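[1] 3D, please:
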Amino acid sequence: MKYVLTTAVAAGLFVAGSASGATLLSDDLSTGVNFTVAGSADSSATFGFDYSTVGIPAAPGAADTLGLKLEANNGDAVGAPESINAVTNTVFSGQYTVEFDMWLNYTGPLEFGGSGSTEYGGGVIGHDGVSSGFGASGADVTFSGDAGGAIDLVARENGTQQTLLDGGFNPVLTGLNHPNIGGELLLFPATTAPAAQVALHPFQVEATRAGAAGFAWRHFSIDVDNTAGTAAFTVDGVHVVTHSALDGTGFSTTGRVGFVFADTFASIAGNTAVSFGLFDNLVVSDVVAALAGDYNTDGFVGIEDLNIILGNWNATVTPFDLAAGDGTGDGFVGIEDLNQVLGNWNAGTPPPPGSVVPEPATLALLGLGGVALLRRR
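    Presented below is the predicted three-dimensional model:
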């Protein structure tokens, strides 16, 4: 394994606007001072890599084009499955959120990929800081860059690959496998390599297949709850999978967090200069315990939360989408969600007097919900 630490002129910090609590760690990956790298023989990590040198634009919100470059199967002529993890020195526990940006680059032509183009990249939580195998420790989610694998979305718990039967996957994305039929077409639209990269490497032509995760910045958000034993992975605002430590694999939500990159095949990339994964803008934040029924997250359970329920009544929504009214995580807005509001009615810090006027329909729904709550009790 090769571990390269480059010196950045400035190591600014990036803070994600979506962090719900105090920032526990913020790192733009200009240096590796906060990280431990564990990888197989032919893998490498380069902190402070200037990815503009291969024609890639700055990650959203980044102050520069410096980040972490991970490679596998790029350094010798002997092809073999290789993998690498770069995880924090800090161990995180409790309720916390991990956010970062990822770019997967591969050898073109892009539609089906050139020789040895299929490699996987993603994020991990609960890592032990030692294991280097693909998904060997903690819970992770990785995507293939070119959608060229037998399965292009891989979710692992302590090395055990999860299947659709495990129930944690977003049902819309159950087509996330070759030949790319299903909801992933909506998650990852077809795209092309940056013009600056094509100018440097003319074989980076054509467009990716719809469903391929490569050649665009993908934003990961991982919500970890130690009490529930869950780690919910969201990519580009879409819930992908929720790992559960209660399903028998026994991974820990307490541990290090970071990045995974792997080549699960014995083939070597046709051009190693464009075969890698990039990571930028890591932020780990603690999570303020949510107040059940507070769907607008203003710290108070009241009329506005009921209006959210009313506006989405009987709707099928993304699990745990509070803004849509699903506080129970069943993907449906109904009595159970309403009962969360009623059970904590007036809890929290109320808004200024007169700032919220209940709508007649909301008051009617409150009456119906009260009856439902009494019946359940």
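
[2] quickly find the element holding residue 231.
    If you go by DSSP states H and E, residue 231 is part of strand 230-235.

[3] then residue 117?
    If you go by DSSP H and E, residue 117 is not part of any helix or strand.

[4] and residue 41, helix, strand or coil?
    At residue 41 the chain is in coil, as set by DSSP: H, G, I helix; E, B strand; the rest coil.

[5] quick one: it and residue 189, what's the gap?
    Look at residue 41 and residue 189: by Cβ to Cβ, to the nearest Å, they are 36 Å apart. Yep, even glycine has a C-beta here, placed from its N, CA and C like the rest.

[6] so who does the residue most central in space within the chain touch?
    By Cα atoms, centre = their mean, the chain has its centre lying nearest to residue 220, at 2.8 Å. By Cβ atoms under 8 Å, 6 or more residues apart in numbering, residue 220 lies in contact with 98, 99, 100, 101, 102, 122, 123, 141, 233, 234, 235.

[7] who does it bridge with?
    Using DSSP bridges, the beta-bridge partners of residue 220 come out as residue 100, residue 235.

[8] domain parsing of the protein, as residue ranges.
    Structural domains annotated on the chain: 2-286, 303-376, as defined by automatic domain parsing.

[9] tally of neighbours for residue 21?
    Using other Cβ atoms under 10 Å, the number of residues around residue 21 comes to 13.

[10] out of everything not next to it in sequence, what's closest to it?
    Using Cβ to Cβ, 6 or more residues apart in numbering and skipping residues adjacent in sequence, the residue nearest residue 21 is residue 286, 4.1 Å away.

[11] show me the beta-bridge partners of the one you found.
    When assigned by DSSP bridges, residue 286 has beta-bridge partners residue 96.

[12] doesn't residue 96 make contact with it?
    Yes. Taking Cβ atoms under 8 Å as the definition, residue 286 is a contact partner of residue 96 at 5.3 Å.

[13] which residues are in contact with each of the two?
    Shared contacts of residue 286 and residue 96, defined by Cβ under 8 Å, 6+ apart, are found at residue 24.

[14] between those two, who's got more neighbours?
    Neighbours were tallied for residue 286 and for residue 96 using other Cβ under 10 Å; the higher tally belongs to residue 96 (24 against 16).

[15] returning to that earlier point: quick one, what contacts the residue nearest to residue 21?
    Contacts for residue 286 were tallied using Cβ under 8 Å, 6+ apart; they are 21, 22, 24, 94, 95, 96, 97.

[16] what does residue 111 give?
    With contact taken as Cβ under 8 Å, 6+ apart, residue 111 is in contact with 206, 207, 208, 209.

[17] please list only the buried members of those residues.
    Among the contacts of residue 111, those scoring as buried are 208, 209 (criterion: 16 or more other Cβ atoms under 10 Å).

[18] of the contacts of residue 111, which one scores lowest on pLDDT?
    Across the set of those, residue 209 stands lowest in pLDDT, at 89.

[19] confidence score at the residue nearest to that one when sequence neighbours are not counted?
    With Cβ to Cβ, 6+ apart as the measure, residue 147 is the residue that lies nearest to residue 209, at 5.2 Å, once sequence neighbours are left out. Residue 147 is assigned 88 on the pLDDT scale.

[20] one more: residue 4?
    Looking at residue 4, its pLDDT is 49.

[21] which of the residues in the host helix or strand of residue 336 are buried?
    Secondary structure assigned from DSSP H and E places residue 336 in helix 335-343. Buried residues in helix 335-343, counted by 16+ other Cβ under 10 Å: 335, 337, 338, 339, 340, 341, 342.

[22] okay, those in TSV with distance to residue 308 and pLDDT next?
    As requested, those are arranged in TSV below (distance: Cβ to Cβ, whole Å; pLDDT from 0 to 100):
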residue	distance to residue 308	pLDDT
335	15	93
337	9	92
338	10	94
339	14	93
340	11	91
341	9	93
342	14	93
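
[23] of those, closest to residue 87?
    Using Cβ to Cβ, residue 340 comes nearest to residue 87 of the buried residues of helix 335-343, at 35.5 Å.

[24] separation between the closest one and residue 299?
    Note on residue 340: its distance to residue 299, by Cβ to Cβ, is 15 Å.

[25] next: residue 283.
    Between residue 283 and residue 299 the distance, using Cβ to Cβ, works out to 22 Å.

[26] which one's more surrounded, the two?
    Shown here are residue 283 and residue 299; by other Cβ under 10 Å, residue 283 has more neighbours (22 against 13).

[27] doesn't the more buried one lie inside a strand?
    Yes. Assignment of residue 283 by three-state DSSP places it within a strand.

[28] what distance do you get for it to residue 97?
    Taking Cβ to Cβ as the measure, residue 283 falls 8 Å from residue 97.

[29] next one: residue 25
    Per Cβ to Cβ, residue 25 is found 11 Å from residue 97.

[30] gap between residue 311 and residue 333?
    Using Cβ to Cβ, residue 311 is found at 9 Å from residue 333.

[31] ditto for residue 279
    36 Å.

[32] likewise for residue 50?
    Summarising the geometry, the distance separating residue 50 from residue 333, computed by Cβ to Cβ, is 47 Å.

[33] shaky segments in the stretch 201-350 of the chain?
    Across the stretch 201-350 of the chain, the ranges flagged by pLDDT under 70 are 248-249, 289-290.

[34] all strands for it, in order.
    For the stretch 201-350 of the chain, the strands identified by DSSP state E, counting those that start in this stretch occupy 218-225, 230-235, 238-244, 256-263, 276-286, in order along the chain.

[35] which among these is found nearest to residue 200?
    When the strands of the stretch 201-350 of the chain are ranked by proximity to residue 200, the top entry is strand 276-286, at 14.1 Å, counting by Cβ to Cβ.
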